[in-house]
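In: Here is the input, now give the coordinates:
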Amino acid sequence: MNLNQNSIQMKKQLVFLSILFISISSFSQSTEEDFKPSGEVQFKVFWNYHYDFTQNATKTSAFELDRSYLGYKYNFSKDISAKITFDAGSNTGGSEYTAFLKIAQLDWKVANGVKLSMGLIGLKQFNDQEDFWGYRYLFKSFQDQNGFGSSADLGINGEFAITKNLKANFFLINGEGFRAIQDADGNQKIGGNLVFTPVKGLIAKIYADNQPTEIGADITTYSFFAGYSAVNWRLGAEYNVQNNATKFASPAADHNLDGFSIYSTYVINKKFEVFGRYDQISSNILTGETTAWNNSKDGSQMITGIQYAPLKGLKFALNYQGFNFDDSTKDNKSLVFLNAEFKL
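Out: The predicted model follows:
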């Protein structure tokens, strides 16, 4: 990256920070006469048993504890709160259940419709899609699954309710995610969302980010999502693009990914619902090559199942998960899962 590009990126970051701090200084805090500080423990666990019908599978069945989240949230006032969350899960650098500090976040409602978050913060890149999909405990949302971004990172985020039906958030973060060495290259990621809810049940979202790299090509990510939720069903779809990276924090010039995800749920009653999902992930063919650079992982994901939620905070899902590879030399995946989520 040349000096001019560095200067432009620095100006963008300074403008972003200036807007956030002007927002803070422009609004007064509400009174706290009747408020009593309080806190609460929070936890969430993802468990499963699965059987693998994939041809030539070596590990045909297993019980697994995919994720365990333990945290605490404390409200200092009506407008200021903080939370900390540890994430215990798989880690190639430690045991199967190595714990990571995932969230260490301060939230400040600086005015009506304006909130500032700082620290190791939860990001907004795919949270709306994840909430709409509704079954994170059995499978990640598309961008999370395919490495288009991280669910948390060190930085600062501002949320703004522009109108009753339009909200936005803008962030400046290190860009490496919560598991990696933070700010390893000194280049921050900047981006944001626009979320539009024109009528009850309908949501549309546009996301974009940009991160300079040392290879001279910026990593960029774009996402478009829309969903409609009725009384007893919902349908969502998203399209995602990532350029110049094999993963959100791994730059590689001209290495691009794109794909879509479609998911739907039908609610039978208060305890039972059936769901389905179809994903497609693709990569480009590099100059001088004959197959796509990510051909061994490109393909289509299929998920279908039924969920039973007997009590608040407890869910079970019996489901099928299959993956068809674009690479015809690989065996397509075929698994049956019994998943559970229990949380406080």
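In: In its sheet, which strands sit next to the helix or strand hosting residue 318, and in what direction?
Out: Per DSSP states H and E, residue 318 falls inside strand 314-325. With DSSP bridges as the test, strand 314-325 is paired with strand 299-311 (antiparallel), strand 333-343 (antiparallel).
In: Select, out of those strands, the one closest to residue 213.
Out: strand 299-311 (27.4 Å; CB to CB). The way it works is simple: take the backbone N, C-alpha and C, and place the C-beta from them, glycine included.
In: Can you classify the residue nearest to residue 341 when sequence neighbours are not counted by secondary structure?
Out: Leaving aside its chain neighbours, residue 341 sits nearest to residue 137 (3.7 Å; criterion: CB to CB, 6 or more residues apart in numbering). What DSSP: H, G, I helix; E, B strand; the rest coil gives for residue 137 is coil.
In: and of the strands paired with strand 314-325, who's closest to residue 47?
Out: So among the strands paired with strand 314-325, strand 333-343 is nearest, using CB to CB, at 4.7 Å.
In: you'd agree the residue nearest to residue 341 is up against residue 315?
Out: Yes - Residue 137 lies in contact with residue 315 (CB atoms under 8 Å); the separation is 6.7 Å.
In: Need the overlap of contacts for those two.
Out: Overlap of the contact sets of residue 137 and residue 315 (by CB atoms under 8 Å, 6 or more residues apart in numbering) consists of 340, 341.
In: ok, back up a step: so what's the residue count around the residue nearest to residue 341?
Out: For residue 137, the count of nearby residues is 22 (other CB atoms under 10 Å).
In: how far away is the residue nearest to residue 291 when sequence neighbours are not counted from residue 294?
Out: Nearest non-adjacent residue to residue 291, counting by CB to CB, 6+ apart: residue 285, 6.6 Å away. Using CB to CB, to the nearest Å, we find residue 285 at a distance of 10 Å from residue 294.
In: The residue nearest to residue 59 when sequence neighbours are not counted: neighbouring residues, count only.
Out: Leaving aside its sequence neighbours, residue 59 sits nearest to residue 52 (CB to CB, 6+ apart; 6.6 Å). Counted with other CB under 10 Å, the neighbours of residue 52 add up to 17.
In: Quick check, residue 52 in contact with residue 61.
Out: Yes - applying CB under 8 Å, one finds residue 52 in contact with residue 61, separated by 6.7 Å.
In: Residue 76 reaches residue 37, doesn't it?
Out: Yes - proximity of residue 76 to residue 37 meets the contact threshold set by CB under 8 Å, at 5.8 Å.
In: quick revisit: so who does the residue nearest to residue 341 touch?
Out: Applying CB under 8 Å, 6+ apart, the residues near residue 137 are 46, 66, 67, 315, 317, 339, 340, 341.
In: Tell me which strands the strand or helix carrying the third one pairs with, and in which orientation.
Out: This points to residue 67. Residue 67 is part of strand 61-75, with elements assigned from DSSP H and E. The pairing partners recorded for strand 61-75 under DSSP bridges are strand 38-52 (antiparallel), strand 80-89 (antiparallel).
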